[in-house]
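Trainee: Got a predicted model here, sequence first, then my questions.
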Amino acid sequence: MASYAPIRPGGSLILAWQTKNRKVLIVGGGQVAAGRIVSVKEADAQVTLICPEDGLCDEVKHRIHVDKVVDWVDRCFQDSDLDENYDMVLTAIDDHEESLRIGQLCRARRIPVNVADVPSMCDFYFMSQHRDGPLQIAVSTNGQGPKLANMIRQKIAASLPPGIGETVRRMGILRGKVRQWDPEISNSGPRMRWVTKLCEDWGWSATLVQTIAMTTNAKTTGTIYLVGGGPGDPELITVKAQRLLQTADLVVSDRLIPQQVLDLVNRKSDSAQDELLEWCLEGLKKGQQVVRLKIGDPLLFGRGGEEVLWFRDHGYEPVLVPGISSAFSAPMVANIPVTHRGTADQVIITTGRGTKGSMPDLPEYHPMRTLVVLMAVGRATDLQQILLSNKGYPANTPISWIENANCPEERTIFSTVEQMANVVDEQNIVAPAVLVVGQSINVLNTL
Ligand SMILES: C[C@@]1(CC(=O)O)C2=NC(=C\c3[nH]c(c(CCC(=O)O)c3CC(=O)O)Cc3[nH]c(c(CC(=O)O)c3CCC(=O)O)/C=C3\N/C(=C\2)[C@@H](CCC(=O)O)[C@]3(C)CC(=O)O)/[C@H]1CCC(=O)O
Ligand SMILES: NC(=O)c1ccc[n+]([C@@H]2O[C@H](COP(=O)([O-])OP(=O)(O)OC[C@H]3O[C@@H](n4cnc5c(N)ncnc54)[C@H](O)[C@@H]3O)[C@@H](O)[C@H]2O)c1
């Protein structure tokens, strides 16, 4: 039998009540009323406050006369005040009998009411709250310990990462964008899975969540930055890239937009790549600072050169910002100095998958050469055969597969050229993985 969460009665219903343009009546003008004004005005309600002038505290006077966010009625409460069709009534007066009476009147009219000094008369309680942009954290002790609620709230707020409110705000913009890309109700599932994956992958790293966000602050001239996002570890991007990502109006990224969303895009266009570039262009035309974020380094197997030409054709010269390529960071993960005095004096970086699936002309064996092959996993058998049969590699030349380098799932496997395809099968190595071949593997690794 399935087990479900137990029901624990005796609580109150916790909601984020939408009160925009709703009519709220506050009775009283002391410090408690002042706090209520802030709470309901931050929720965009329309506030009427009833209280004789001599009862107004300084803060309430300020809200009435300076901020002008309150319609003030200069007298005591009258029963006919409730004829105004209020959506909510809050009493904060020092006359207990009158408080109770107003509470009962509201109950009779089914108007939700909070009576500051009579919890039993409250349809809802106020909570101790922390706000940072759209992030709202509220603590309730259900009337048991308001001071404790205050202390707990402060402790929670202090534990939050800086900038989290801004991150939440940008996430809202991004979710809106995703919905614009594909408004189909029936695609809600993939959209939600994508947003969930994004949040899980980038977690609390506020700056990096910001990097994928899209804002709309238009500037006068648009600039396109072609930025290397590094190999996957959020700490392995350059300071310059991070600054640009934080300040950009629009960031378009293929790395962070996983397959589910590219699938959505694909149905609108034959080529997802073109669509991404068109988004950049749209931003540029609006005068935005646009970051085109590429994994690794844009110009090393990143098709960055092609994108530079594309933007040039459209009248924009991209600013290039380098990134750390896995061609260098992956060997480092496996403790392989790709050059090392006396062992390796050159490193050749190539791919296992050339244009249209071709195999590039691999270099001859040289004992002082380190070979780094990107996108090699699917071609392990071909690569092994070419290196052994055509390129003179000794069967026992050390190799290393580095899977998901610089990501949490990172894995390093050492073997020899003779075994390199076998280990892919045996160890179930999957892309992305980098292959390193050469004697430099043995310098720091005792295998
Ligand atoms: C969240 C907050 C919002 C707000 O009201 O703005 C709030 N009280 C706050 C502070 C606070 N209130 C009081 C103290 C003095 C210390 C103490 O008594 O503990 C402090 C501490 C302080 O000032 O730091 C006195 C007090 N409060 C209530 C009573 C009546 C009673 O218990 O019978 C008495 C005794 C009066 C007396 O003895 O005369 C009743 C209520 N107060 C509530 C909310 C609701 C329950 C929420 C919950 O338990 O979670 C509820 C039921 C009704 C409601 O108002 O909706 C705000 C957090 C401030 C912050 O976050 O900084
Ligand atoms: N919920 C809470 O957390 C909390 C905290 C402190 C106090 N309280 C209670 O809330 C109430 C208000 O507290 P306060 O510190 O703001 O009090 P206060 O004495 O500073 O203010 C009371 C206000 O009510 C006005 N008033 C009195 N009778 C009125 C009427 N019939 N019509 C319109 N206005 C009227 C007064 O002119 C004054 O402006 C008190 O009963 C207090 O015990 C609640």
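Mentor: It's in. Numbers count the residues shown, from 1 in each chain. Ligands and ions are numbered 1, 2, ... in the order given.
Trainee: Please identify the buried residues of the longest helix along the chain?
Mentor: Looking across the chain with DSSP state H, the single longest helix is helix 164-181. Residues of helix 164-181 classed as buried: 164-171, 174-175, 178, 181 (neighbour count, 16 or more other Cβ atoms under 10 Å). Where C-beta positions appear, they are placed from N, C-alpha and C, glycine not excepted.
Trainee: What of stretch 318-325?
Mentor: Buried residues in stretch 318-325, defined by neighbour count with 16+ other Cβ under 10 Å: 318, 320-325.
Trainee: Ligand 1 contacts on the stretch 151-300 of the chain?
Mentor: The stretch 151-300 of the chain has residues Arg153 near ligand 1, with proximity defined as Cβ under 6 Å from any ligand atom.
Trainee: how close does the residue nearest to Gly232 when sequence neighbours are not counted sit to Val333?
Mentor: Distances taken as Cβ to Cβ, 6 or more residues apart in numbering place Cys407 nearest to Gly232, at 4.2 Å, with adjacent residues excluded. Remark: distance between Cys407 and Val333 (Cβ to Cβ, to the nearest Å) = 10 Å.
Trainee: more crowded one of the two?
Mentor: Just comparing Cys407 and Val333: by other Cβ atoms under 10 Å the higher neighbour count belongs to Val333, 21 against 15.
Trainee: and the residue lying closest to that one once chain neighbours are set aside, what does it touch?
Mentor: Spatially, and ignoring its direct neighbours in sequence, Val333 is nearest to Ala405 (4.8 Å; Cβ to Cβ, 6+ apart). Residues counted as contacts of Ala405 (Cβ atoms under 8 Å, 6 or more residues apart in numbering) are 231-232, 326, 329-330, 333, 432-434.
Trainee: Ala43: which of those is nearest?
Mentor: Lowest distance from Ala43 to the contacts of Ala405 (Cβ to Cβ) belongs to Gly232, with 40.5 Å.
Trainee: In this structure the closest one contacts Glu409, no?
Mentor: No - using Cβ atoms under 8 Å as the test, Gly232 is too far from Glu409 to be in contact (9.6 Å).
Trainee: Looking at the two, which is more packed in?
Mentor: For Gly232 and Glu409, the more surrounded residue by other Cβ under 10 Å is Gly232, and the numbers stand at 22 against 9.
Trainee: Could you check how far Val443 is from ligand 1?
Mentor: As for Val443, its distance to ligand 1 is 60 Å (criterion: Cβ to the nearest ligand atom, to the nearest Å).
Trainee: and that residue, how many neighbours does it have?
Mentor: 17.
Trainee: doesn't it fall inside a helix?
Mentor: Yes - under DSSP: H, G, I helix; E, B strand; the rest coil, Val443 falls within a helix.
Trainee: wait, doesn't it sit right on Pro337?
Mentor: Yes - using Cβ under 8 Å, Val443 is in contact with Pro337, at 5.6 Å.
Trainee: list residues touching both of these two?
Mentor: Counting by Cβ under 8 Å, 6+ apart, the contacts common to Val443 and Pro337 are Thr343.
Trainee: tell me the pLDDT at Gly357?
Mentor: In the prediction, the pLDDT value recorded for Gly357 is 81.
Trainee: my bad, should have said Gln136
Mentor: As predicted, Gln136 sits at a pLDDT of 97.
Trainee: can the helix or strand hosting it be found next to ligand 2?
Mentor: Gln136 is part of strand 135-139 when elements are defined by DSSP states H and E. No - Strand 135-139 lies apart from ligand 2 when judged by Cβ under 6 Å from any ligand atom; the minimum separation is 13.2 Å.
Trainee: So which bits of that strand are buried?
Mentor: The neighbour-count check on strand 135-139 (16+ other Cβ under 10 Å) flags 138-139 as buried.
Trainee: gap between it and the chain center?
Mentor: 19 Å (Cα atoms, centre = their mean, to the nearest Å).
Trainee: quick one: the next helix or strand along the chain from it near ligand 2?
Mentor: Next helix or strand after strand 135-139 toward the C-terminus (DSSP H and E): helix 146-158. Yes - interface with ligand 2: helix 146-158 contributes Pro146 (Cβ under 6 Å from any ligand atom).
Trainee: element containing the residue nearest to Val333?
Mentor: Going by DSSP H and E, Ala405 is not in any helix or strand.
Trainee: So what touches stretch 70-89?
Mentor: The contact list for stretch 70-89, computed with Cβ under 8 Å, 6+ apart, reads 19, 22-27, 37, 40-41, 45-53, 60, 63-64, 91, 93, 98, 102, 105-106, 109, 111-114.
Trainee: End to end on it, go ahead and measure it.
Mentor: End-to-end span of stretch 70-89 (Cα to Cα, to the nearest Å): 14 Å.
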